[in-house]
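1. Here is a sequence together with a model predicted from it:
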Amino acid sequence: MTLFPETPAFSSASMLRRDKWLINLRWLAILGLFSGVILLTVINLGPASSIWGMALAGAVLIALNLVYRLYANARRQFGMSSLVILLNLQMVMDLILLTILVYLTGSEESPLSFFYVFHIILASIIFPGGFSYLYSLLVIILYSSLILLEHSVYLDHVCFFHGVHVSADPRVAVAIWFIFVITMLASAYLAQNVTERHRRVRLKLELTNQKLQEINKTKTTFFRYASHEMKAPIATIQSTLMVVEDILGKDTDPRVINMVQRAIGRTGETIGMLKDLADLTYGNFQEQQKFELLDLKDLLADLVTDATPNAERKHQSLKFKSSESTASYNGDANALGKIFKNLVSNAIRYTQDEGKIRVKLRKTADNYEIAVSDNGAGIPDAEQINIFKEFYRTPSAKKQISEGTGLGLAIVMRMVELHDGNIHLESKEGQGSTFTVQLPLGEIL
Amino acid sequence: MAKKVLIIDDDFDLVEAMRITLEAAGFEVIDAQDGERGMEKMKAEAPDLVLLDVMMSSMDEGFHVAYKIRQDADLKDTPIVMLTAVGNQTGFQFDPGKDADFLPVDEFLEKPVNPKKLVDVVHQNIKV
C-alpha cells in the first residue's frame, strides 16, 4: 500500500520504535493519573464518583497499554500502513480517555484540558505529514462535543469543586499546583525530544554530507591521476605511430597504412576521453580556479570566430548576437570556454549541413543569459532528462556520430555549477534545440 | 653542418619518435633524460635548439630548466620549445605572446607530437 510510503524519516522500523516509545510514555501518564487519584483522595477533594471514575479510566488504560505492548512484541513484521493505523488507534483511544477524565474533573473547569496539547505535539512527532492538524481537529471536536452534551439534556455537568471555595481552599491550590508541575515537566520533555530529534537528524546529515564529499574527492583525485597517468603513454604511442605513418612508402601494403591510421584515430579518441575526464575534475582543486573580471561578450565572440571554420565546413551559418556592448563578468575564463566550446561544437556536430546555429547573449535583472540554439534534429523528450549525465549519449546522437565520450554536457554542467549558474534545454524533435546558460550577475568587482 | 637539437624528456619512446623525425629532416639530435643532465649537455654541446618537456620528475621541472637556461650568459639565446600535455591536464593554457614575461620559452608544442608540426616548429624557431 502506498498510502504511507516509507521514507528515511518514516520507515516501518522507526514507526515501531515510536510505538514502543508511546507505550512507555503511557506508563508515565498512568503513573501521573494514579498519583493524582491518590493525591485527591488524601486531600479529600472532588466527588467520590469522579475519583472512582478516574481510577477506572486508569485501569482501562493499564489494560489497553498491556495489550498494545504484547501486540508490539508479538508481531515481528509490521507494514508501514498497519503501524500507522495501530498508532492512530492508540492515540484516539488516549484522547477519548482524556476527554472522559476532563469530564470527570469538571469539563470547562478542569485544568486537565491542557493535556490535549501534548497529544497534538505527540502526533506531530509520531506521524508523517499534517497529522498534528488532524489531531487538533479531533481534539476540538471531542472537547466541543463534551461541552455541547453538557449544555443539552444528555449529560450532567460534574461540579468537581462543589461546595469548595475555589480561591481560598488550599486543597484546590495543591491540586492545581500538581497539574501545573506535570504540565511543565511534560512540556520540557516533549520540547527537548523534538529538538533533540532535529539535532540528531542534522548531525547525521552533516556526517553523511562529509562522507559524500570525501568520496567525491577520492573520485575526482582518481580521475585526475588516472587521466594524467594514462594520457602520457598514449600520447607517446600516438606520436610513435605518426612517425611510422610518415615513413610508410608507396609500396607499403595499403592495409598496413589503414591499420596504422586507424590506430592513430583510436589513440586520438582515447586521449580525447582522458582530456574530458580531466576536465570533469576541473574546479575541484582550488589551485586550478582562476576567477577574474572578464568580458563575456568578447569571450563568446572569440569562441564563435574560432568555431566558424568548422561550421563553414558543413556550410552552416554560425552567428553571435549580443544585446550588450560589454558584458563584464567575474568568472573563470577557462571553465567558461569549456562550457560554450562544448555547446557550440555539439550544435555544429549534430546539426545538418546548411543548418543555422545562433549564440545569443543578453542581460536580465539577475543573470547573463547565453543561449546556444540550432535548427537541427532536436532531442526527443524522453532523452532530455539524461542528457547531462556522465557518459550518457542519446541513441539518436550515437546513430548520427559514432564516437564521443558522453562527457561533454556533464563537463558543461560542472562548469556552470562552478559559477553558481544553471543550464536548461529546450528542444523539439525536428525543430532544433536551445541550451540556455544563466550566469548570476552577483557582485561586480 | 647539421643543426643540433637537444631533447630533454624522460619518455624514451617519445624521444626516439622525435629523433627519427628530426634526423630524417636533417637535424642532429642529442638527448637527456632529466633537467640536470640536460643542463650539462647544454653546456657541453651548445645545441641550436632545445625541446624541453614540462613534467619530468616534478610538475614543473621543465620551467626550472628554462629559467636556468635564460639566466646563463652563454645559453640564454638558445631557442626553447616546450613540450606540454599541461594544457589539458591542469587547465593551464599557455600563450607565448601573453605569457612571455614569466615563461621564458619561444614556443609550446602539445603532446602527442605530430611529426610534420614538429619539423615546422623546429625550423621556425631555430636560428639560421
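-> Structure received. Numbering: from 1, shown residues only, chains lettered A, B, ... in the order given.
2. C-alpha only now, for contacts and for neighbours.
-> OK.
3. Show me which positions of the host helix or strand of B:Ile30 end up buried.
-> Using DSSP states H and E, B:Ile30 maps to strand B:28-32. Of all the residues in strand B:28-32, those buried under the rule 16 or more other CA atoms under 10 Å in any protein chain shown are B:Glu28, B:Val29, B:Ile30, B:Asp31, B:Ala32.
4. Columns pLDDT and distance to A:Arg75 on top of these, output as CSV?
-> As requested, these are exported to CSV (pLDDT from 0 to 100; distance: CA to CA, whole Å):
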residue, pLDDT, distance to A:Arg75
B:Glu28, 95, 88
B:Val29, 96, 85
B:Ile30, 96, 84
B:Asp31, 95, 80
B:Ala32, 94, 78
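5. quick one: which of those is nearest to A:Ile147?
-> Top of the list for closeness to A:Ile147, among the buried residues of strand B:28-32 and by CA to CA, is B:Ala32 at 100.8 Å.
6. Which members of the buried residues of strand B:28-32 are the farthest-apart pair?
-> When CA to CA is used, the two most widely separated members of the buried residues of strand B:28-32 are B:Glu28 and B:Ala32, lying 14.0 Å apart.
7. quick one: contacts for whichever residue of chain B sits closest to chain A?
-> Here chain B gets closest to chain A at one residue, B:Pro112, 4.4 Å apart by CA to the nearest CA. With contacts taken as CA atoms under 8 Å, 6 or more residues apart in numbering or on different chains, B:Pro112 has the following neighbours: A:Ala235, A:Thr236, A:Gln238, A:Ser239, B:Ala85.
8. Select from these every entry located in helices.
-> The helices in this structure, assigned by DSSP state H, contain A:Ala235, A:Thr236, A:Gln238, A:Ser239 from the contacts of B:Pro112.
9. Would you confirm that the last one contacts B:Lys116?
-> It stands for A:Ser239. No. With contact defined as CA atoms under 8 Å, A:Ser239 does not reach B:Lys116; the gap is 10.9 Å.
10. So those two - more neighbours on which side?
-> A side-by-side neighbour count of A:Ser239 and B:Lys116, using other CA atoms under 10 Å in any protein chain shown, places A:Ser239 first with 25 against 14.
11. how far away is that one from chain B?
-> 5 Å (CA to the nearest CA, to the nearest Å).
12. For the worst-scoring helix or strand of chain A on mean pLDDT, which outside residues touch it?
-> Considering only helices and strands, the least confidently modelled element of chain A by mean pLDDT, DSSP states H and E is helix A:395-400, at a mean of 76. The contact list for helix A:395-400 (CA under 8 Å, 6+ apart) reads A:Tyr350.
13. Check which element follows it along the chain.
-> For helix A:395-400, the succeeding helix or strand toward the C-terminus, using DSSP H and E, is helix A:408-418.
14. Which elements pack onto that following helix?
-> In terms of contacts (3 or more CA pairs under 8 Å, 6 or more residues apart in numbering or on different chains; DSSP states H and E), helix A:408-418 is packed against helix A:254-280, helix A:333-350, strand A:422-428.
15. just checking, what packs against the second one?
-> Read that as helix A:333-350. In terms of contact count using 3+ CA pairs under 8 Å, 6+ apart, helix A:333-350 is assigned the packing partners strand A:291-295, helix A:296-313, strand A:367-374, helix A:408-418.
16. if we go to 7 Å?
-> Using 3 or more CA pairs under 7 Å, 6 or more residues apart in numbering or on different chains; DSSP states H and E as the contact test, the elements touching helix A:333-350 are strand A:367-374, helix A:408-418.
17. Going by residue numbers, what spans are helices in chain B?
-> Secondary structure of chain B (DSSP H): helices located at B:12-24, B:35-45, B:61-71, B:86-89, B:96-99, B:115-125.
18. got the contact list for the host helix or strand of A:Leu318?
-> Assigning secondary structure by DSSP H and E places A:Leu318 in strand A:317-322. Outside of strand A:317-322, the residues within contact range by CA atoms under 7 Å, 6 or more residues apart in numbering or on different chains are A:297, A:301, A:304, A:308, A:311, A:354-362.
19. Let's have the residues you listed in CSV, adding distance to chain B.
-> CSV is the format used below for those (distance: CA to the nearest CA, whole Å):
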residue, distance to chain B
A:Lys297, 20
A:Ala301, 19
A:Val304, 19
A:Thr308, 21
A:Ala311, 24
A:Glu354, 32
A:Gly355, 30
A:Lys356, 30
A:Ile357, 27
A:Arg358, 27
A:Val359, 24
A:Lys360, 26
A:Leu361, 25
A:Arg362, 28
